[in-house]
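Trainee: Quick one, structure for this:
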Amino acid sequence: MRISNAWIGFLILLLCACSTSPAWKGAALQDAKTLLKDAPRAEDHPNAGGAMMLSHAVVEYFPDGTSLTRRHERYKIFNERGRRFASKSISYRQGYQEARILFAHTIKPDGKVVALSPSDIHDTTQYGAYDFYTDIRQKRFTMPAVENGCIVDIAYEIKNLKPVLPFDYFTAFIFDHFFPIQEDILEVHVPASISLRYKYLNISGEPVIEKTGNRVRYIFTNRNRKEIIPEPRMPGLLDRETFPQIWMWTLQDWQILSSWYGKVFFEQMKASSELEAFTRHLIAKAPSREDKIRILFDFVARKVRYVAILLGPHTHQPHSASEVFLKRYGDCKDKTVLLLTMLKIAGIEGYPALVPVQRDHFDQTMPSLSAFNHVLAVVPQKDGWFWLETTNEAAAYDTTPFMQPTTVFIISPDGSHRFDRTPPLDDRKDYITSELLFRIDPEGNALADMTHVYFGKAAEAMRYAFKYLPPEQRKILFEKKGIEVRSLEIGSVDDAQNPFRVHLTGFINNMAQRVDPDTMILSNVVRMDTFRDITASKTRLYPVVMPVSFYREETIRYVFPDGYQMRNVPNSLISGEKFHNRQVSFRFEESTLTVSIETSGSALRIATDEMDRFREYAAILQAYESSVQTMIFEKRR
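Mentor: Okay, the predicted model is just below:
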C-alpha cells in the first residue's frame, strides 16, 4: 500500500508526540484494511449515521498544577448523517492553553489513506458572531476525501499552562450516546498527593488503578454500546436517573472553592468616589431597605448592558465594580459585583451565588469550579432571600430567578459558604390571564378584542420580546396568526414590578365556516397538548420529562348573530391527574359561547412503568379534543 509523504510526516509527528501513550502509536500504525475489516457495519446500525470506533483520552496532571490532555478519536462514517464526525472544532484559551493537532487522516473504503493538510487547519475565535469579549479560540478543520464507509482518525492535545484553580478536574464519562461505541477509554494521571474521586451512576464497576512511584493512573473503560434511539421528550444524556455514567473530581471539599472564589470576587468590590456619590443620590428618596434594593437592582439590570466577557483572568474573576460602573457593561459576575458594591454603599449586605451548569443534576458531593457557569446576587430577608438576577433586564427584584428550583452555592466575604435552593414558581404570583372576545358576523368573519396580562415571572419573556421588537414587527406577531391588527397597546417594557398587558383589536376572516345561510361551524376552539407524540408508539424505553408551565386562565367568548343556537354544548373536562391540571368548560347563552380554560403543570417525570396509566390519561384527553374540534351553530327560524 502506498502512503503519501504527508502521511509519513504525520506518523513521525505522532511517534514524537505520543511516546508516553503506546496504545495510540499502535492504533495509528495498524494496517488500514484491518481497521476497515474490524469496523462496525452500517447494516447493523440502521438508525446511526456513524460509529465511534475509538475514543482514548489521557489527562495528565503535573506537580505544578498544569496539565496535558491528549485525545485520539476514530469514527466509521456510514452515510450522510454521519458526516458530522468528519468536522472538528477544538477549543482552547489563548495565553492559558495550547492546542495542537497530532495527526488527522481519512481511511477510504479501498484502504487509501488521505492526510489532512496543515493548511486546512484554521485557528479562529469561537464566538466571533456574538457580543462577546473572549480569548477562547478554536482550531477547526474538516476531513478530506470523506465518503460513505470511510474512517476518520484524529488525535490532538491541549496543554493547560495556567489553570484557573489548580488541580480542579471535573468531568463526566458518559456510556451511551446517539451513535454506537466500540471502545471508549479515559485515563487520568495525577500525583500521588492528589486523590481522584469518582461516582458510578446506573452502572456498577471500578476503574483500573495503577501506582507508579509518586504518580497514580486511573483507567475507565466503556466498550460495545449500542446507539440510543431518540424518543419524544426523553431525558438528556446527563440524566442521572436514566443513563449510565461516571462522574469524577479532584477537589477535596467545597471550602477550597469558596475560599478561592471569595478572595477573587470580594477584592473587586471597589467603589470610586463617583460610584459612591451616584449610589447615594440614586437611593436618596428611598423610604425603606426594600425600596433601596429595588432601585439598585433596576439600575444594574436595566442600565448596565450585558456583554459576555471571558478574557484573561476574567473568565471567573469580575472586573472591579468601579470599572463596570464606568463602562456600563459587563457579564453576570461583573453586574453582580457592581450590584453588591452599590448595596454595600447603601448599608445592605449581599453575597454572590454560583449557579450550576447542570441545574437539574447538580450534586453537592462533587466540589468543582467547573460545576458552575453563572452567578447572581442574593440579599437576606426575613424569610429567605431576594434573588437578584442582574442579567435579566425584564425581571423584577422580588421574583424567583429560574423556572425550576435550583441549588446555588452562596459565598460570604470570609470565604465560608452555604447551599440554598431558589423557590419554585408561585401560581398566585406567576401566571397569565387572557380575555378574548370575537364578534362573528353573518358571513363568519369576526371582530376581535383580545387582552393578555402576564404576571410575575410569566411577564419576563413577553416584556423582553416586545422591548426589542419595532412597532410593526409587534403587529406581525399577531398577523402570523391571521389577525388583521387594527390597534395594539402594550404595557411598559421597563416597569418590571407591574403586570405586562397586551391589548389588541383586529379583524379575522372566516373565523367560522358559513355552511349555508342558517349554519356556521366553529373549529379548533380548544387547543391543548394531548401528548400524541408520546403515546403514538406502543413501547417506551426512557422516561418522559416535561418542563414546568405557568398557571393560566383563559376566557374566550364567541358572539354570534342574533338567533343562532348551538346544536350541542360540549361536556366539561376536569383533569386533576398527577400528570397535569386542566379544566375546560362551555356555556351558551343568548347567542354567545363562553369557553373557560384553566391549566397548570409542574415539572413532570413519567417513569416507564407509569406509561400504561399515562396512555389511559392521554387517551381521555385525545378523545375530548376530538369531540370539541367542530361545533355547529344554527339559526332558528
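Trainee: Find the helix or strand that Asp184 is a member of.
Mentor: Assessed by DSSP states H and E, Asp184 sits inside strand 181-191.
Trainee: need the helix or strand of this protein with the lowest average pLDDT.
Mentor: helix 5-17 (a mean of 34; mean pLDDT, DSSP states H and E).
Trainee: picking up where we left off before, and the next helix or strand past the strand holding Asp184?
Mentor: strand 197-201.
Trainee: what's the angle between that following strand and strand 181-191?
Mentor: On the basis of axes from the mean of the first three to the mean of the last three C-alpha atoms, to 10 degrees, strand 197-201 is oriented at 160 degrees to strand 181-191.
Trainee: Direction included, what does strand 197-201 pair against?
Mentor: If you go by DSSP bridges, strand 197-201 pairs up with strand 245-249 (antiparallel).
Trainee: Quick check: the nearest residue to Val152 once chain neighbours are set aside vs Phe85, distance?
Mentor: With C-beta to C-beta, 6 or more residues apart in numbering as the criterion, Val152 has its nearest non-adjacent residue at 4.8 Å, and that residue is Met143. Bear in mind the C-beta positions are built from the backbone N, C-alpha and C, glycine included. Using C-beta to C-beta, to the nearest Å, one gets 8 Å for the distance from Met143 to Phe85.
Trainee: anything in contact with each of those two?
Mentor: Common contact partners of Met143 and Phe85 (C-beta atoms under 8 Å, 6 or more residues apart in numbering): Val152.
Trainee: ok, which stretches of the stretch 501-637 of the chain are helices?
Mentor: 532-535, 611-627 (DSSP state H, counting those that start in this stretch).
Trainee: and for the first one, what are the contacting residues?
Mentor: Counting by C-beta under 8 Å, 6+ apart, the neighbours of helix 532-535 from elsewhere in the structure are Pro232, Arg233, Arg540, Val544, Phe614, Arg615, Ala618, Ala619, Gln622.
Trainee: Pull out the buried members of those residues.
Mentor: Neighbour-count burial (16 or more other C-beta atoms under 10 Å) is assigned, among the contacts of helix 532-535, to Arg540, Val544, Phe614, Arg615, Ala618, Gln622.
Trainee: what comes up buried for stretch 527-546?
Mentor: Met528, Asp529, Thr530, Phe531, Ile534, Thr535, Arg540, Tyr542, Pro543, Val544, Val545, Met546.
Trainee: List every C-alpha atom in it, with coordinates, as PDB.
Mentor: This file holds the C-alpha atoms of stretch 527-546, laid out as PDB (Å, rounded to 0.1, in the frame of the first residue of the first chain):
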ATOM      1  CA  ARG A 527     -56.100  23.600  21.600                       C
ATOM      2  CA  MET A 528     -54.300  21.500  24.100                       C
ATOM      3  CA  ASP A 529     -51.300  19.200  24.400                       C
ATOM      4  CA  THR A 530     -52.700  15.700  24.300                       C
ATOM      5  CA  PHE A 531     -49.400  14.000  24.200                       C
ATOM      6  CA  ARG A 532     -49.900  12.300  20.900                       C
ATOM      7  CA  ASP A 533     -46.200  12.300  20.200                       C
ATOM      8  CA  ILE A 534     -45.500  10.400  23.400                       C
ATOM      9  CA  THR A 535     -48.300   7.800  23.100                       C
ATOM     10  CA  ALA A 536     -48.100   7.000  19.300                       C
ATOM     11  CA  SER A 537     -45.600   4.300  20.000                       C
ATOM     12  CA  LYS A 538     -46.700   1.200  22.000                       C
ATOM     13  CA  THR A 539     -43.200   0.800  23.500                       C
ATOM     14  CA  ARG A 540     -41.100   3.200  25.500                       C
ATOM     15  CA  LEU A 541     -37.500   2.700  26.800                       C
ATOM     16  CA  TYR A 542     -36.900   6.000  28.500                       C
ATOM     17  CA  PRO A 543     -38.900   8.200  30.900                       C
ATOM     18  CA  VAL A 544     -40.900  11.200  29.800                       C
ATOM     19  CA  VAL A 545     -39.700  14.600  31.100                       C
ATOM     20  CA  MET A 546     -41.800  17.800  30.700                       C
END
